[in-house]
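Student: Generate a structure from the sequence data that follows.
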Amino acid sequence: MSNNKQRDPAFIPIKEDSLNRETWRVFQIMAEFVDGFEQLSQIKPSVSIFGSARTASDHPDYLLTQEIAQLLSDAGFSIVSGGGPGIMEAANKGAQAGKSESIGLNIELPREQNSNPYQDISLSFKHFFSRKVMFVKYATAYVVMPGGFGTLDEFAEILTLVQTGKTRKIPIILVGTEFWSGLIQWFSKTLINAGTINPEDLQLIKIIDEPKAIVDAIFDHYEHRCFEPSAEEHEKMLDL
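Tutor: Purely as a prediction, here's the structure:
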């Protein structure tokens, strides 16, 4: 059998040095998790803000993000962004102008991602999946500004985790009615009609355009409970 495999052109044996490199990557990934857990566990409550890296600093979405982040920061929420330019920069800039901490979860990319200078705590990641855990694990709420594939990825990630019960239910707020209405309409007409999501799944999402209303919606969600996860929720989130 092994001889047949060796003659099969589709069978490519793993070289020992390649396997060793993969093994050491496990320790690099562990280090990213440990560093993230140690630093981010101290910044609760926090709000994760997402949006396009390509948004110019004079764009209305940038200025709106900055206003939202400062209001949340003044209200006592640390702000977590992807640490890059565009909406991420606006979020960190607004956070620094407020009273709470500004955190950037930076990702090392071949192009496009450059760290912005408005970070009180700056973490660097090589792996998207470990970075995504940090966005979710300590978040009190998600605020999602207009963005591209990366923003959609983060939006779908938290929706999936909440829908499937892998994490606690937190406010998921989309900002920009005009930008997001087509996607929500597709959810409503196509996904629900196809039976791939339930109608009540849409209740996990709010679309709010007014900065103060966003802050109010987050406080309303926690009116009868604390910002910290309950013991049951904490146990559930250990399996994130």
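
Student: And the next helix or strand past the host helix or strand of L152?
Tutor: For L152, the element it lies in under DSSP states H and E is helix 149-163. Using DSSP H and E, the next helix or strand after helix 149-163 towards the C-terminus is strand 172-174.

Student: Can you check the distance spanned by stretch 188-198, start to finish?
Tutor: Stretch 188-198 has an end-to-end distance of 9 Å (criterion: C-alpha to C-alpha, to the nearest Å).

Student: Can you show me the helices along this protein?
Tutor: With DSSP state H as the criterion, the chain has helices at 2-7, 16-40, 60-74, 87-97, 128-137, 149-163, 177-186, 192-194, 211-221, 231-237.

Student: returning to that earlier point: check which helices and strands the helix holding L152 sits against.
Tutor: strand 46-50, helix 128-137, strand 139-144, strand 172-174 (3 or more C-beta pairs under 8 Å, 6 or more residues apart in numbering; DSSP states H and E). Backbone N, C-alpha and C define where each C-beta goes, glycine included.

Student: Mind telling me which of these the model trusts least?
Tutor: Of all these, mean pLDDT reaches its minimum on helix 128-137 (a mean of 83).

Student: any idea of the mean pLDDT for stretch 53-61?
Tutor: Mean predicted confidence for stretch 53-61 is 97.

Student: From the rest of the structure, what touches that stretch?
Tutor: Here stretch 53-61 makes contact (C-beta atoms under 8 Å, 6 or more residues apart in numbering) with 51-52, 62, 65, 82, 84-90, 112-113, 145-148, 150, 176.

Student: Please repeat the previous calculation with a cut-off of 6 Å.
Tutor: Stretch 53-61 is contacted from outside by 62, 84-87, 145-146, using C-beta atoms under 6 Å, 6 or more residues apart in numbering.

Student: Neighbour count and distance to L72 for those - can I get that in TSV?
Tutor: Formatted as TSV, the contacts of stretch 53-61 follow (neighbours: other C-beta atoms under 10 Å; distance: C-beta to C-beta, whole Å):
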residue	neighbour count	distance to L72
Y62	23	16
G84	23	19
P85	20	20
G86	25	18
I87	31	14
M145	26	13
P146	20	18
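
Student: now stretch 158-174: how far from the chain's centre is it?
Tutor: 11 Å (C-alpha atoms, centre = their mean, to the nearest Å).

Student: Report the spatially closest residue to the residue positioned nearest the centre of the chain, excluding sequence-adjacent ones.
Tutor: For the chain, the residue nearest the mean C-alpha position is F135 (4.1 Å; C-alpha atoms, centre = their mean). Nearest non-adjacent residue to F135, counting by C-beta to C-beta, 6 or more residues apart in numbering: S48, 4.8 Å away.
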